[in-house]
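> What would the 3D arrangement of this be:
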Amino acid sequence: MPEPLLIALAVICLIVGAVGTVAPVLPGVPLSWAGLLILKFVPSVKDNVSWVVIVLLGIVTIGVTILDNILPMWGTKKMGGNKKVVWGATIGLLIGFFLGPWGIIFGPFAGALVGGLIGGNKMKPALKHASGAFLGYIAGLVIKLITVGLIVFFFVMALI
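Predicted structure coming up:
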């Protein structure tokens, strides 16, 4: 494959991955890492990024992807929530995605709150459970953003 096409494919993966860090339906960190991996096979820049960086960021990508799925559930359970609260947070995130940045941020909280209320909780416990889901989601988001920031850094450094 010609170099410009490889670079374009790598950039597309990186950008879609960066969007995927906040979009619930896209595997953001793995896509961004794939962009960096593709860049490693571009003859003119392949020596600008080492296999050690690729492998280490690949391991971090796997860890972050696993953590991102565990943290909201962990936060919910730590605050006494149940599966309905977790499902509510997930549905809230999906709906919030269509409502813009504020929907993405507050959708999981609102969804978890509704899930808790549907699950038979009163308002105060439901708020507590929703805050656990929200904090878990935010922690996962911060970890993903830091990881994608590192990937973008090495990507840009390889190109300049």
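
> where does residue 22 fall, helix, sheet strand or coil?
coil (DSSP: H, G, I helix; E, B strand; the rest coil).

> Could you name the helices and strands sitting against the particular helix or strand that has residue 63 in it?
According to DSSP states H and E, residue 63 maps onto helix 51-78. For helix 51-78, the packing partners by 3 or more Cβ pairs under 8 Å, 6 or more residues apart in numbering; DSSP states H and E come out as helix 28-40, helix 83-97, helix 123-159. In this view, the C-beta of every residue, glycine as well, is placed from N, C-alpha and C.

> Provide the angle between the direction of it and the direction of helix 28-40.
180 degrees (axes from the mean of the first three to the mean of the last three Cα atoms, to 10 degrees).

> buried residues in helix 51-78?
53-54, 57-58, 60-61, 64-65, 67-68, 71-77 (16 or more other Cβ atoms under 10 Å).

> Including mean neighbour count and mean pLDDT, could the helices and strands packed on helix 51-78 go into JSON lines?
Shown next, in JSON lines, are these (neighbours: other Cβ atoms under 10 Å; pLDDT from 0 to 100):
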{"stretch": "helix 28-40", "mean neighbour count": "23", "mean pLDDT": "96"}
{"stretch": "helix 83-97", "mean neighbour count": "22", "mean pLDDT": "85"}
{"stretch": "helix 123-159", "mean neighbour count": "19", "mean pLDDT": "91"}
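
> will you turn those into a markdown table that also has distance to residue 5?
Formatted as a markdown table, those follow (distance: least, Cβ to Cβ, whole Å):
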| stretch | distance to residue 5 |
| --- | --- |
| helix 28-40 | 10 |
| helix 83-97 | 30 |
| helix 123-159 | 15 |
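
> Give me the angle between the helix holding residue 63 and helix 83-97.
Computed by the same axes, to 10 degrees, the angle between helix 51-78 and helix 83-97 is 120 degrees.

> any idea what sits nearest the residue sitting nearest the centre point of the chain, other than its immediate chain neighbours?
Residue closest to the average C-alpha location in the chain (Cα atoms, centre = their mean): residue 21, at 3.7 Å. Spatially, and ignoring its direct neighbours in sequence, residue 21 is nearest to residue 28 (3.8 Å; Cβ to Cβ, 6 or more residues apart in numbering).
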